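**Q** with the input below, show me the fold.
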Amino acid sequence: MIRRGYRVTEADNGTDGVEAFTLDKPDVVLVALRLSGMSGVAVVAELAERGPELPLIALSEGGELKDAVRSMRQGAWDIVAKGEGMMAELDQALVKGFERAAFLRRQKAELEAEVRERKLAEDRFRTMLEVSPQPVVIVNLENGRCVFANHAAAEQLGVAPGEAEGLRARTFFDEANVHGDVRGRLLRDGHLKEVELELCRKDGSVFWVQASASLMSLDGRRVAYVSFIDISARMELVDALRKFKFIANASHDSMTLANRDYVYEAVNRAYLDQTWGTDKDILGRNMVEIWGEKNFEQNIRHHFDLCLTGRTVVYRAWFAFPGQETRYYEVFMYPYGRKKEEITHVATVSRDITESAEAEARIMQTREYFQAIFESSLDPILLFDEDLNILDMNTAATARFIGVSGKKRLGLTKLFPDEAGQEFRSMVMPALKSLGSWFGVWSFVDINGESIPTETAISALPQRGNARPCRYVAVVRDISPRLKAEARRRETEERYRAVFEFTGAATVLINEKGLVVKANQRFAELYGQDREEIEGRLDWIDYVAEEDRERLLGQRQKRLRAGCGAVTEYEFRFVSHDGEVRDACSLVSQMPDGKESIASITDISERKYNETVAFTLYRVSNAVSTTPCLDELYKRIHSILCDIINAENFFIAELDKSRRFLEFPYFEDAMDNCKGVVFDTWDDEVTSLSVEVLRLGRPLLVKDVDHSVAMSRRCLDDASIKIECVARNELLRRKGAAEGSMFGSSSKDWLGVPIKVKGEGIGVLAVQSYDDPEQYSARDVELLVSVAEQVALAIERRANERDLLSAKELAEAANLTKNEFLANMSHEVRTPLNGVLGMLQLAKTTPLSREQRDYVDTALASGRSLLSIINDILDLTKIEAGRLEIACEPFSPRHLVRDVIATFRHDASDKHITLEADLSSNLPDLVVGGKGRLRQILFNLVGNSVKFTEKGKITVSMLPMNIDHEAGKVRMLVSVADTGIGIPDDMISHVFEPFTQVDGSSVRQHQGSGLGLGIVRRLASLMGGYLSVDTMEGEGTTVYLTLTFDLDPAGAERSCCLYNASGRQDSMHFLVVEDNRINRLLAIRMIGKLGHTEESAKDGNEALEKLRESHFDAVFTDIQMPGMDGLELTRRIRASEPGSDINPDIWIIAMTAHAMSGDREHFLAKGIDDYIAKPLEMDDIQAAVARLYASRQP
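**A** Numbers count the residues shown, from 1 in each chain. The predicted structure follows:
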């Protein structure tokens, strides 16, 4: 700046800059927005207020757009961005600033000169009217108020000079209709000449004038110029002559004579005139008839009766003669009679004193009114002698100037001391002596020493006779608030003008016709025309898109009806002069005058686009969440993108797991069809833009021509993400490839973004345009990056789902292998175990010595222990697989508990433990539920108690907690209590886990697999029961189990059959089908021991032959057999025709060691009637025969 010839004052911070501005008064100010301490925006606001006429230029950094806008709103004239080209922009800003400052100075000087000239002309006209001896009044015909009254007129009207201004003209008319008639004649004829009128002064006195008036225009207003002369003396003379004639002819007093009965006997003419009647109408009638009962009782009777007592009565009252208005009367009542003691009549004289009473009231009211005005006026009022000594004053207001609170110093205090007083006297006294009044502006000093500007009016008071005026009245009005308000108004107007011009929004003023009468520069830029071409020519509806016009016209009508103060917000499409359409938001409000509206218009295209992008991403995210199929998802995303950008040519490419081959699962393009194509990324002979995107790891924008690249790079510099922009030929040159080596057709504009999962590129999402080289911008890149992130989530989710599905399939295969292994193991183990246990049971039926019996019992116990472990493992496996089902069947709770105790009684006796049952007498005879599983639970619990109890007893209890006969339900409490070793507190939660024992060491005292309690807890849960434990280490354990069963009272007889059938069964003939010789022999021997006959077959084919040859009551068949297995045998039997050699309804009982896949329900579904698990027990065979026998009972 110094090199350019400027003298420069510098400041390092905002505070020093404000101080330097105050001291130096520069011609221009440059303010950096980034300052330490006081911010640049605050400095701009402060300096703009101190020197609004000086150029104020803000210097901004690149990222201070918001502060730059704020500085313009605070009063900056211009903004210059730091960086390259700064000085050139600054020179332009300085030139514009100096030109504008010079223009403002010229405009201000011209305005001040015009104001002075108009003021001088107005003062000359006012002075001429003021000194006129003829009273002159100017009245605004629009509001009927006086706008001017000269000294002579004010004196005639009884008001102080200047006081008449603002009063309504009809205030000075005694009758309002007279004022209306005069005003109408003036408006009709345009003038009045020598019209006689009766006017009313401010004090209420009436006087007559002869007035003339004419119409004229003053400051654009229609006014009446009125002059008049006082003719009161002439009118009073005429009135006096009329009164004298009236008094000579008749008396005003009304006179009547009435008797004691209130009947009129005589009346005078004045009375008749008051009643508009004749003697005949009045004489002989009662007062009540004439006056009415209410009026008589209130105003006459009391005084009349008092006069009848002999007293003269005088009173005043308001009342109305019949048919007349209410008037104020002075009434005299005189008693009359022949004798003083005998009053026969009352003579009444009524005098109308309404006018005199009202006059007296007005005088008193006026005197009090003027005294109240004098004392309560906010403006000081003073009465002076000819030397300006104070004679009287309204002390409360005047104390502000002369420091007196009372009237102690009246006559001693002068208004002005020393030179100021002399100056004021020399200015005022000539006008007072020549004109009798003076009005002007003068600054007084109050008691605090402060100078106060005032408007002072001094008038000479008229004196009687020809004496010289020696008294003056002065009204002093403090005009400092008005001057300050005017200054604030001017400042506000300047600020509003600056806000209008320099606000960041496009702003216009619109008149009632809809024309833009004023527009700021921002609107001119938005619309694309100069302000001169817009103002007064452009209709506001022209910049509204056609499809929005009807809506905005309706909203404008509503706003205009709402009136001032209502701010309405519109969103519409703004159309510029050249037809470009933008989204805009407009705030519109009506100006206080109601004639114009101000509209502020903001371009919201960017916000609308962001909202559209947000909604688009929401739709994409929703599609990702709700579309499991990737093909369908890609189709939905393509459709969504087409709604916001040109995405007709769109594809998605994915890398395979080897990251070598690029697949195109979705490809929609006008030129190519690459859907399903697999591209080798290692192929150096073919160049792929998608591969380049994956190599760069960021978005790639490929242009067909070089100049488009330069333009795009400038647009992409402000993007929030890094974007690679390159021309197609430049890319080929870098790769050393020819044009024909490019994969796919060449497009004008190609945009691809990487699809990344955990920071690693797995694919590409791309769009391209074949006809527009400027199709895609930075915000299109940002949109596609966000969409690619959603696609990556979908691809990752799909990969995770495939991995989970694969893992699930592997787990299910492993579990199936495990189940098959367990099923096979069950069959292979149970088959030989069946032979061992069966032969031992048969051996017990033969004569044995005690030692041999002990050997057999020990072997049976060991075998059954092994079988229990196998069953526990298989049951646990089925529970974990969710395949264990509860078979419901009727059973007797008593018999079940007794059978369990009988099973363990021998073991308990060997340990000298008492094993007993405690069964409630209220137990139902028969219930329906999981009998087998309940027995398994009790076996485990009692078995554990026997195992872990060394002394004492074990008690199995069962009692019903609740029996609901209506619902057919019973809830029972089952408990097993022992006096064994107990369970430590920290182990209670562990003992119910599989393969867990309290003592898990290799040298533990008590043996076992640790499966029992784990199965118990799971079985209880499957049966809908609840298991709890009460234990004390060293004292014992009680396990409680609550279970719900169905009641089956009708099955009591059937229960007896089930548990006592062996004593009542007839001998039956059975066919045993078993491929294993030992098991076949075992089954035959056990059936024979039960008293039945049998035949055997080693496979299904032999069984069918025997069924054709002989009659059997039932078939016992193995399931797994070579050739025809048990299930196929069952199918063929059931498929036989009734009446053929084979009975299709024969009872079939399955015998199987395949515990996993051959459970009861599975076999029953295949047509088998009953089921026995291997190893065979005689009790199981006996129970199966009992069920067969029971099924045949009627």
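**Q** end to end, how far does stretch 522-537 reach?
**A** Using Cα to Cα, to the nearest Å, the end-to-end distance of stretch 522-537 comes to 17 Å.
**Q** which elements pack onto the helix or strand containing L1013?
**A** Assessed by DSSP states H and E, L1013 sits inside helix 1012-1022. On a contact count with 3 or more Cβ pairs under 8 Å, 6 or more residues apart in numbering; DSSP states H and E, helix 1012-1022 meets helix 850-880, helix 931-948, strand 1026-1032, strand 1036-1047. Backbone N, C-alpha and C define where each C-beta goes, glycine included.
**Q** which residues sit against the shortest one?
**A** Among residues not part of strand 1026-1032, those counted as contacts by Cβ atoms under 8 Å, 6 or more residues apart in numbering are 982-983, 988, 992, 1016-1017, 1020-1021, 1037-1042.
**Q** now those residues as TSV including pLDDT?
**A** Below are the contacts of strand 1026-1032 laid out as TSV (pLDDT from 0 to 100):
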residue	pLDDT
G982	86
I983	83
I988	72
F992	64
V1016	83
R1017	82
A1020	86
S1021	85
T1037	92
T1038	93
V1039	93
Y1040	93
L1041	92
T1042	94
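**Q** which two among the residues you listed are spaced furthest apart?
**A** Farthest pair in the contacts of strand 1026-1032 (Cβ to Cβ) is G982 and S1021. Separation: 24.2 Å.
**Q** give me the more crowded residue out of those two.
**A** Using other Cβ atoms under 10 Å as the criterion, G982 and S1021 rank with G982 on top: 17 against 12.
**Q** count the residues that sit near the nearest residue to the more buried one once chain neighbours are set aside.
**A** Closest residue to G982 apart from its sequence neighbours, by Cβ to Cβ, 6 or more residues apart in numbering: E1033 at 4.2 Å. When counting by other Cβ under 10 Å, one arrives at 14 neighbours for E1033.
**Q** ok now the helix holding L1013, how far from the chain's centre?
**A** Averaging C-alpha positions (Cα atoms, centre = their mean, to the nearest Å) puts helix 1012-1022 54 Å from its chain's average.
**Q** for the stretch 701-850 of the chain, give me the ranges with low pLDDT.
**A** By pLDDT under 70, the low-scoring segments of the stretch 701-850 of the chain are 706-720, 819-820, 822-828, 830-831.
**Q** mind listing the helices for it?
**A** With helices called from DSSP state H, counting those that start in this stretch, the stretch 701-850 of the chain shows them at 706-716, 728-735, 778-844, 850-880.
**Q** over to the stretch 401-550 of the chain?
**A** So, for the stretch 401-550 of the chain - with DSSP H, counting those that start in this stretch - the helices run 418-435, 480-502, 521-527, 531-534, 546-562.
**Q** make JSON lines out of these and add mean pLDDT.
**A** As requested, the helices of the stretch 401-550 of the chain are exported to JSON lines (pLDDT from 0 to 100):
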{"stretch": "helix 418-435", "mean pLDDT": "77"}
{"stretch": "helix 480-502", "mean pLDDT": "79"}
{"stretch": "helix 521-527", "mean pLDDT": "90"}
{"stretch": "helix 531-534", "mean pLDDT": "90"}
{"stretch": "helix 546-562", "mean pLDDT": "85"}
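**Q** among those helices, which is nearest A792?
**A** Among these, helix 546-562 comes nearest to A792, with 39.4 Å by Cβ to Cβ.
**Q** downstream neighbour of that closest one in the secondary structure list?
**A** Beyond helix 546-562 on the C-terminal side, the first helix or strand identified by DSSP H and E is strand 567-575.
**Q** just give the nearest non-adjacent residue to F661, would you?
**A** Closest to F661 by Cβ to Cβ, 6+ apart is V678, at 5.1 Å.
**Q** for K1098, that is, sorry about that
**A** D1075 (5.5 Å).
**Q** right, and the helix or strand after the worst-scoring helix or strand of the chain on mean pLDDT?
**A** None of the helices or strands of the chain scores lower by mean pLDDT, DSSP states H and E than helix 1052-1060, at a mean of 46. Next helix or strand after helix 1052-1060 toward the C-terminus (DSSP H and E): strand 1069-1073.
**Q** mind listing what's buried in that next one?
**A** 1070-1073 (16 or more other Cβ atoms under 10 Å).
**Q** buried sites along stretch 319-337?
**A** 319, 321, 327-333, 335.
**Q** give me the contacts around stretch 474-487.
**A** Counting by Cβ under 8 Å, 6+ apart, 160, 162, 377, 379-384, 401, 441, 444, 452-459 sit against stretch 474-487.
**Q** whoops, stretch 187-206 was the one
**A** Contacts for stretch 187-206 (Cβ under 8 Å, 6+ apart): 141, 156-159, 171-175, 178, 182, 185-186, 207-215, 228, 231, 235, 362-363, 365-366, 370.
**Q** what about burial for the residues you listed, which qualify?
**A** 156-159, 171-173, 182, 186, 207-209, 211, 213, 228, 235, 366.
**Q** can you map out the strands along the stretch 101-250 of the chain?
**A** In the stretch 101-250 of the chain, the strands defined using DSSP state E, counting those that start in this stretch lie at 136-140, 145-149, 191-200, 206-218, 221-230.
**Q** same thing with the stretch 601-750 of the chain?
**A** Ranges of strands in the stretch 601-750 of the chain, per DSSP E, counting those that start in this stretch, are 650-655, 661-668, 678-680, 700-703, 724-727, 749-757.
**Q** how about those in CSV, adding mean neighbour count?
**A** Shown next, in CSV, are the strands of the stretch 601-750 of the chain (neighbours: other Cβ atoms under 10 Å):
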stretch, mean neighbour count
strand 650-655, 22
strand 661-668, 18
strand 678-680, 14
strand 700-703, 26
strand 724-727, 19
strand 749-757, 24
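**Q** can you put those strands in CSV and add distance to E546?
**A** What follows is the strands of the stretch 601-750 of the chain, written out as CSV (distance: least, Cβ to Cβ, whole Å):
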stretch, distance to E546
strand 650-655, 33
strand 661-668, 34
strand 678-680, 49
strand 700-703, 36
strand 724-727, 38
strand 749-757, 31
